[in-house]
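> take this sequence and fold it.
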Amino acid sequence: MSAAMAMLFWLATAVVGYAYLGYPLLVRWLASRRATTPIMSTDAQAPRVTVLIAAHNEARRIASRLLDILAQEHPADRLSVIVVSDGSSDGTAWAADIGDPRVRVVELQPNGGKAVALNLAASMAEGEILVFADSRQRFVPGTLRALLMPFADPQVGAVSGELVIEGAGDEGLYWRMEKALRFDEARLGWLHGVSGAVHAMRRELFKPMPPGTVLDDMWLPLNVVLSGRRVWMARDAVALDVASATPGEEFHRKLRTLAGNWQLLARLPVLADPLRNPVFLAWFSHKFLRLVVPWALLAALIASALADGAFYRIALAAQLAGYAVAALAWAMPRPAARIPLLPAAGTFLMLNSAALLSLPASLTRDASRLWRKH
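This next block holds a predicted model:
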C-alpha cells in the first residue's frame, strides 16, 4: 500500500511538473532552434476587412468601441463592421447605429449566444479577412495593421493578437507567462488558440460553430490548423482590458472557459487523435493536461498522507500549508497584493479549483446556464 502511494505521489508530481514547467521549457528550447516566422506584408494592397462584434446589452459602450475600431489605420473603403445585437434589451442596436455607412447593425431575437451571433455575422461579411472583437476592450493604435501583416504568407490562416489586462497584479504575471508560451507555440507552428478579443482569419476558412459553443477562440483556430494552415501570434496587435471586478466573477469566468474545453473535446473528438491532429502534442500538453493537473494535485495530497516515511509527512505538511496560504491570497486579494508572488499562489489555486470543477460542471443537467455567456 505504502509503495503504491509513493509511486502515485511521484507520478502525480511529474504530471504537474511537466504541465507547468517541463512543457513550457521544452517549447522554449525547441522554438530557439526551430522557430519560423511568416512572410510579413508592408506595402501590399490592404485586404478588405470585416470586423465582427457580437454584443449583448452593450448600449453604454458600443458606440465608443466602434469609433475605436474605425480609427484604426486601414483604408476606409476596405474596412467594414458588422454588429450583431444578440437578444439585447437595452437598445444596443440603436446605440450601434453611429451614422457611419461602414457599420451594419443586425438585431438577433431571441438571444442565441455568441456562437450563433458570430455565425450570422460571418455569413454576411464581404471582407477577405474576418477580424473578431469584443465590446468591452479597446485596440491600441496599429493593432489592425499588425493583425493583417502576417496574411501575406499564404500558409497563415489565422492570427491572434495579444490581450493586455490592466491593473491585474500577479494574475497579470500568470497571463504574461501564458502569452509567452503561446508565442513560442506560434513560432513552432503549434499555436491552436487565440485571444477572443483580438484575432483574425481568412473568411474562406471560417467554419460555423454549433450553437452554444463556448470557446469560439479555440473552435475557429483549431479548424484552421486542421485545414492545414498555420495560426500566428502578432504581439503588436494589442487589445486592452481590465481585470475582473471580484474574485467570484473571475472564478466563474475561468470555470466556464475550462468547462468549455471538455465541450470542445466532445464536439471535436479529432483532437484526441495524434494521427489526425497536427498539433496533438501542444493541445495535449497545454490544454488537456491543465484539466488533469488538479486531479493530480489531489492525488499527490492523498498519496503523501498515506505513504510511509518522514519525507511524505513533510510533503503533506508543505502542501497543506501552501494551500492554506493560497486560499488566504484568493480570499483576500488586496492584502495579498502587498506580498510578492502571493497573488500568484492565489491565482494558481483559483485556476485549479475551477479546473477540478470543470468536468462535473460540463456534465450537469443545468450546463446550459454555464454555456451561455450572455
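> for residue 252, see how far away the residue lying closest to residue 203 once chain neighbours are set aside is.
Distances taken as CB to CB, 6 or more residues apart in numbering place residue 130 nearest to residue 203, at 5.2 Å, with adjacent residues excluded. Backbone N, C-alpha and C define where each C-beta goes, glycine included. Look at residue 130 and residue 252: by CB to CB, to the nearest Å, they are 29 Å apart.
> neighbour count winner among these two?
residue 130 (24 against 14; other CB atoms under 10 Å).
> next SSE downstream of whichever strand or helix holds the residue nearest to residue 203?
Secondary structure from DSSP states H and E places residue 130 in strand 129-133. Using DSSP H and E, the helix or strand that follows strand 129-133 in sequence is strand 138-139.
> the helix or strand that that next one is followed by packs against which elements?
Moving toward the C-terminus from strand 138-139, the next helix or strand (DSSP H and E) is helix 143-148. Helix 143-148 sits against strand 129-133, strand 156-166, strand 198-202, strand 230-242, with contacts defined as 3 or more CB pairs under 8 Å, 6 or more residues apart in numbering; DSSP states H and E.
> which residues are contacting helix 143-148?
When contacts are defined by CB atoms under 8 Å, 6 or more residues apart in numbering, helix 143-148 is touched by residues 41, 46-47, 49, 69, 72-74, 79, 129, 131, 159, 161, 198-200, 234, 236-239.
> do the same with stretch 328-342
With contact meaning CB under 8 Å, 6+ apart, stretch 328-342 is reached by 169, 170, 247, 325, 343, 345, 346, 347, 349, 350.
> again, but for stretch 91-102
Residues contacting stretch 91-102 (CB under 8 Å, 6+ apart): 55-60, 62-63, 66-67, 70, 76, 79-81, 83, 85, 103, 105-107.
> quick one: buried residues of that stretch?
92, 93, 95, 96, 98, 102 (16 or more other CB atoms under 10 Å).
> tell me how far the last one lies from residue 125.
Pointing back at residue 102 there. 13 Å.
> okay, and the common contacts of the two?
Common contact partners of residue 102 and residue 125 (CB under 8 Å, 6+ apart): residue 80.
> which residues touch residue 311?
Taking CB under 8 Å, 6+ apart as the definition, residue 311 has no contacts.
> with secondary structure, distance to residue 184 and pLDDT added, can I get the buried residues of stretch 91-102 in TSV?
Formatted as TSV, these follow (DSSP: H, G, I helix; E, B strand; the rest coil; distance: CB to CB, whole Å; pLDDT from 0 to 100):
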residue	secondary structure	distance to residue 184	pLDDT
92	helix	39	95
93	helix	42	93
95	helix	41	95
96	helix	38	95
98	coil	40	94
102	coil	37	96
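> which of those lies closest to residue 212?
Minimum separation from residue 212 among the buried residues of stretch 91-102 (CB to CB) is found for residue 92, which lies at 21.1 Å.
> helix, strand, or coil at residue 84?
strand (DSSP: H, G, I helix; E, B strand; the rest coil).
> go ahead and confirm it touches residue 106.
Yes: the pair residue 84 / residue 106 is scored as a contact, 5.0 Å apart, by CB atoms under 8 Å.
> between those two, tell me which one has more neighbours.
Taking neighbours as other CB under 10 Å, residue 84 and residue 106 compare with residue 84 leading, 29 against 15.
> residue closest to the middle of this structure?
For the chain, residue 195 is the residue whose C-alpha lies nearest the centre (CA atoms, centre = their mean; 5.1 Å).
> hang on, residue 323 in a strand?
No: judged by three-state DSSP, residue 323 forms no part of a strand; its state is helix.
> excluding its backbone neighbours, what's nearest residue 196?
Nearest one to residue 196, counting by CB to CB, 6+ apart, is residue 217 at 3.6 Å.
> gap between the one you found and residue 227?
In terms of CB to CB, residue 217 sits 17 Å off from residue 227.
> looking at these two, which is more packed in?
residue 217 (19 against 13).
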